[in-house]
Every structure is written in C-alpha cells, then in structure tokens.
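Peer 1: Sequence first, then the predicted structure, then my questions.
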Amino acid sequence: MSDCIFCKIIKGEIPSSKIYEDDYCYAFKDIAPQMPVHIVVAAKKHLPSVLEFTEEDMAFLGGIQLAIAKIARQEGLTENGFRVINNCGKDAKQSVPHIHYHILAGGDMGEKIV
Ligand code: 5GP
Ligand code: ZN
C-alpha cells in the first residue's frame, strides 16, 4: 500500500535497522524502543491487522512464527527469554495498520498483563 509506513520500510523507501528478512516478513528495530531489545516483525503483505488474515495467508502466519524463533536465536534471546505482542485495533492502541508483531527482550519486564 503506497502510503503505509511499514510497506515503505519493507521496500527500502524509509531507512530502517534491519534485523532479519525472508519471503514472509521483514524485521527491524523499533524507532521508539520500549525495552533494550525491541524488534518489529512486519508481514511482507499489506494487511491492516490480524483480522484480515485468511486461509490464503497461512504461509505468512507460519512464516512469521518461525521467523520469530529464528530471530530469537540470532539475537541471543533464548536464555533469558522474550515477549511477543500484537496490538490489534483501537483499544490495544495499534498505531500502524500493517500486520506486525513486537519482540521485546533484554531485561525484566515487570508485571505480566496476562
Ligand atoms: P503498534 O503501535 O502499531 O503496535 O506498533 C507500531 C510500532 O512501530 C511502534 O512501536 C513505533 O515505535 C514503530 N514505528 C513507527 N514508525 C516507525 C518507523 O518509521 N521506523 C521504525 N523503525 N519504527 C516505527
Ligand atoms: Zn503496509
């Protein structure tokens, strides 16, 4: 989608600190990190949120999950762990309408929400 920030990042039209890339996703450092490690894993398909996933997108769903595990190993997050978050819609304060997951790590994350 032409005016989407994450589509522009994936295409290289907006610079980003790339962490990982494959056929299904592009992962980069969040511009406003909430933890010492804060990685955004964005699908290489413009879908506004998880609500728009269909059966046709199963490869993207699986690919992103696998990529998260690969990124965790690559970035040395396996020993102390990490948290994966998807914000969907208004109440969850999703700010970029392009499907993505946050990987947070690098320190104690305090109280769990769930
Ligand atoms: P959301 O609020 O939709 O769950 O997450 C969007 C995330 O994208 C936010 O954490 C925000 O800091 C990050 N973000 C927004 N614009 C940019 C950008 O231009 N570059 C990078 N690296 N991250 C961005
Ligand atoms: Zn997009």
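Peer 2: That came through, no problem. Ligands and ions are numbered 1, 2, ... in the order given.
Peer 1: which residues does the residue nearest to the spatial centre of the chain form a beta bridge with?
Peer 2: Geometric centre of the chain, nearest residue: V41, 2.3 Å, by Cα atoms, centre = their mean. Going by DSSP bridges, V41 is paired in beta bridges with A27, Y101.
Peer 1: That one reaches H98, doesn't it?
Peer 2: No. Using Cβ atoms under 8 Å, V41 is not in contact with H98, being 11.4 Å away. Heads up, the C-betas are built off the backbone N, CA and C, glycines and all.
Peer 1: Could you pick out the longest helix of this structure?
Peer 2: helix 58-74 (DSSP state H).
Peer 1: buried ones in it?
Peer 2: The neighbour-count check on helix 58-74 (16 or more other Cβ atoms under 10 Å) flags 60, 63-64, 67-68, 71-72 as buried.
Peer 1: can you put those residues in a markdown table and add distance to ligand 1?
Peer 2: Shown next, in a markdown table, are those (distance: Cβ to the nearest ligand atom, whole Å):
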| residue | distance to ligand 1 |
| --- | --- |
| F60 | 17 |
| G63 | 19 |
| I64 | 14 |
| A67 | 17 |
| I68 | 15 |
| I71 | 15 |
| A72 | 18 |
